[in-house]
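Any chance you can model this:
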Amino acid sequence: MSRHLLLDRPDRHIVLGFDYPLQSFFGQVFRGPASGPVGNACGGWPTHSGLGDRRPVTSSEQKANDLSTLGEWAKAQIPDEFSTEPDAAYHLGLLLGLLSREWSSEEDVPEVPLPSCLQGPRA
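Model (predicted):
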């Protein structure tokens, strides 16, 4: 299962990923920073937990549709003060591209650095 960090703030962090056994994309929101204790998701896509009953992605068309829907869900999770940053949109697009590649190759890709605009509160 791959997991890529989209947002890391003191009050929450968001991950996007691909579950290889289920052949399904997911998004999860957790309370607290990514460096904190691991807890249960407090929100997610395609289910509240981010995992569960989702049909396997078996075609390029399904992949494109799921990544588009996941991208819209993820955009809605980014707080307004961060969402207007060009690096935030770029990072989300980069993560969606990495997930697409993971689906195609069935291998995890390396982590990418989180831009400063998606870390912590504004100074």
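
Identify the residues contacting the one residue sitting closest to the centre of the chain.
Nearest to the geometric centre of the chain sits residue 16, at 1.9 Å (CA atoms, centre = their mean). By CB atoms under 8 Å, 6 or more residues apart in numbering, the contact list for residue 16 reads 3-4, 6, 25-27, 70, 74, 95-96, 99. Quick note: C-beta positions are derived from backbone N, CA and C, even for glycine.

Show me those that map onto strands.
Taking DSSP state E, the ones among those that sit in strands are 3-4, 6, 25-27.

Mind pulling up the pLDDT for the residue nearest to the centre of the chain?
Looking at residue 16, its pLDDT stands at 95.

Please identify the helix or strand for it.
strand 12-19 (DSSP states H and E).

before we move on, back to that, now the ones in strands among the contacts of residue 16: which count as buried?
4, 6, 25-27 (16 or more other CB atoms under 10 Å).

Show me what counts as buried in the worst-scoring helix or strand of the chain on mean pLDDT.
Here the helix or strand of the chain ranked lowest by mean pLDDT, DSSP states H and E is helix 80-83, holding a mean of 76. Using 16+ other CB under 10 Å as the test for burial, helix 80-83 gives 82-83.

Good, wrapping up.
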